[in-house]
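A.B. asks: Got a predicted structure here, sequence first:
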Amino acid sequence: MEARAHLRYARIAPRKVQIVLDLIRNQPLDKALALMQYTPKAACEPLIKLVKSAAANAENNFNMDKNNLYVAECFVTPGPTLKRVRPRAQGRAYRILKRTSHITVVLKEKEA
C-alpha cells in the first residue's frame, strides 16, 4: 500500500529540487519534514507542502498510520521549459530558459 502526491509545473529547476529529494529519500516522515524545514533551499517550501499532502492522502484515503510512514520514493522530472529573451549589447538577444519540474513523492508504511 502506498500514497502518492504529485506537483506538476513547479517553477523551479529540476536539478535544484533533486538536491533536497536526495536528503529525504528513505527517511521517516517526521525526520523528512524536519530536514526540509531547516534546509535553506528554495525547493524546500513546495516540497514540504507536497510531503504533507502525501501524508494526508495516506491517512485519509488508505487508513495508514501517520507515525509509521516513510518516504519510499521521490523523484523529479523536467517539465516544459519557458523560453524568454534578454536584451544584450549591440542589438543582440540571449535566450533565458526558465525550467519547470514535475515532482512525485511516494509514502509507504513500515513493515511491523
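C.D. replies: That came through fine.
A.B. asks: helix/strand/coil for the residue lying farthest from the centre of the chain?
C.D. replies: Taking C-alpha atoms, centre = their mean as the measure, the residue most remote from the mean C-alpha position of the chain is Gln90, 40.7 Å away. For Gln90, the secondary-structure state derived from DSSP: H, G, I helix; E, B strand; the rest coil is helix.
A.B. asks: quick one: the residue nearest to Ile19 when sequence neighbours are not counted and Tyr94, what's the gap?
C.D. replies: Once flanking residues are discounted, Ile19 sits nearest to Lys41: 6.5 Å by C-beta to C-beta, 6 or more residues apart in numbering. Backbone N, C-alpha and C define where each C-beta goes, glycine included. When distances are taken as C-beta to C-beta, to the nearest Å, Lys41 and Tyr94 turn out to be 27 Å apart.
A.B. asks: Distance check, the residue farthest from the centre of the chain against Ile96.
C.D. replies: Look at Gln90 and Ile96: by C-beta to C-beta, they are 18 Å apart.
A.B. asks: do Arg25 as well
C.D. replies: Counting by C-beta to C-beta, the gap from Arg25 to Ile96 is 31 Å.
A.B. asks: Same question for Val106.
C.D. replies: When C-beta to C-beta is applied, the distance between Val106 and Ile96 equals 33 Å.
A.B. asks: of these two, who's got more company?
C.D. replies: When Val106 and Ile96 are compared on other C-beta atoms under 10 Å, the one with more neighbours turns out to be Val106, at 15 against 10.
A.B. asks: what about the more buried one, which helix or strand?
C.D. replies: strand 101-109 (DSSP states H and E).
A.B. asks: That strand pairs with which strands?
C.D. replies: Counting by DSSP bridges, the strands paired with strand 101-109 are strand 2-10 (antiparallel), strand 69-78 (antiparallel).
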